[in-house]
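# can you look at this prediction? I've put the sequence above it.
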2 protein chains.
Amino acid sequence: MIEVLGLHFESLYQMPPLATRIYALLILTDSEGHTFEELMEATEASKSSVSTSINLLLQTEKIEYFTMPGDRKRHFRKNADYLKNRLTNYSQQAYKELKLFEMTCAFMKQSYLASYLKNEKLTTIYRDYLEALKQLMETTIHKLEKIS
Amino acid sequence: MIEVLGLHFESLYQMPPLATRIYALLILTDSEGHTFEELMEATEASKSSVSTSINLLLQTEKIEYFTMPGDRKRHFRKNADYLKNRLTNYSQQAYKELKLFEMTCAFMKQSYLASYLKNEKLTTIYRDYLEALKQLMETTIHKLEKIS
DNA sequence: CATTTGGTTTGGTATGTTCTGAACCAATTG
DNA sequence: CAATTGGTTCAGAACATACCAAACCAAATG
């Protein structure tokens, strides 16, 4: 299961395998934090690899950590709103797609390319779809913000 | 513009730069087909690279070709329903995400993990979103099929 | 102040990807 | 049938990446 989810995140977030496997692990186990050592054991990876992967996940705010009083160890756990994170990511992808699509249309229009006119119906459908998508994502993010 | 669109396709379709640049070119110019030679000149790439890239694009049905009577050259152009192609791709991604999400939920439920119960409202929102997304894509694909 | 703990940084290796030139091949042309 | 055309296949070069081991460092401990 960690493998499967990790692989999914690998293409979704464009991160190295180890990082996404750690992320998947922290999402799936959801205990109150795993230590650096535990992550090393679970992934069977070296200290340095775990270190860099953890820092990557921290930088991108996919995970966070806390410390116990009187203990130097850091305890890592998934960022609380990781679902929102995932959704925001999709939303950004859709936005990028919409923008690029508009750019393409504009480019074709100004070059008087035949297909633009021919496929006006088609582009309308695609544009409508992308707009609806954007709407859906925004309202969902709004919903998520409301309950937190 | 070719660069920009090519880069977008690179992460979208997980293809080498040259292949996506050729694809972007064929989408943007939209003339009645470009020859092998023209693609070599436009991309300033070697014969072998263009060959493999073209074959990749043909295999994945992103482009197609036709020949002129009395001419051995192949003329390449984008597949007519490339927008549908793009949308189908998004749709598949969304479906994959939905399936993985359900798997994750099931996994958490059977392991009696605290967070699953805690975030039931959250997961409902996310599940609803993914379902709506799937719906939107399917109806859009349906619309596209209708006009063609 | 020497040692242990909890990591980080550095240098290097193994692996994979993308592109290239050169050899090759099948079909057409002279 | 020799030469050209339109491409394919193969071997390798160049580059990027993911990881590791070892050296290192700062903070806490004895």
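Arrived safely, thanks for sending. Note that the structure is predicted; figures quoted are calculated from it, not measured.
# now A:Leu98: which helix or strand?
Assigned by DSSP states H and E, A:Leu98 falls within helix A:82-110.
# can you list the buried residues in stretch A:127-144?
By neighbour count on 16 or more other C-beta atoms under 10 Å in any protein chain shown, the buried set for stretch A:127-144 is A:129-130, A:132-133, A:136-137, A:140-141, A:143-144. (Glycine included, C-beta is placed from N, CA and C.)
# count the residues that sit near A:Cys105.
A:Cys105: 16 surrounding residues under other C-beta atoms under 10 Å in any protein chain shown.
# measure the closest residue to it other than its chain neighbours to DNA strand C for me?
In space, and not counting its chain neighbours, A:Cys105 is closest to A:Thr123: 6.0 Å by C-beta to C-beta, 6 or more residues apart in numbering or on different chains. According to C-beta to the nearest atom of the strand, to the nearest Å, A:Thr123 and DNA strand C sit 29 Å apart.
# quick one on the thing from earlier: farthest pair in the buried residues of stretch A:127-144?
Largest separation among the buried residues of stretch A:127-144 by C-beta to C-beta: A:Tyr129 and A:Leu144, giving 22.5 Å.
# before we move on, back to that, show me which residues of the helix holding A:Leu98 are buried.
By neighbour count with 16+ other C-beta under 10 Å, helix A:82-110 contains the buried residues A:82-84, A:86-87, A:90-91, A:93-94, A:97-98, A:100-101, A:104-105, A:107-108.
# which residues of chain A score low on pLDDT?
A:112-118 (pLDDT under 70).
# around DNA strand D, pick out the residues from it.
Taking C-beta under 7 Å from any atom of the strand as the contact definition, chain A meets DNA strand D at A:15-19, A:44-49, A:52-53, A:70, A:72.
# so which of those wins on neighbours?
The residue in those with the most neighbours, by other C-beta under 10 Å, is A:Ala19 (25 neighbours).
# hmm, back to that, which of the buried residues of stretch A:127-144 lies closest to A:Phe36?
Using C-beta to C-beta, the buried residues of stretch A:127-144 come closest to A:Phe36 at A:Leu144, 30.4 Å.
# which of the helices or strands spans that closest one?
helix A:120-147.
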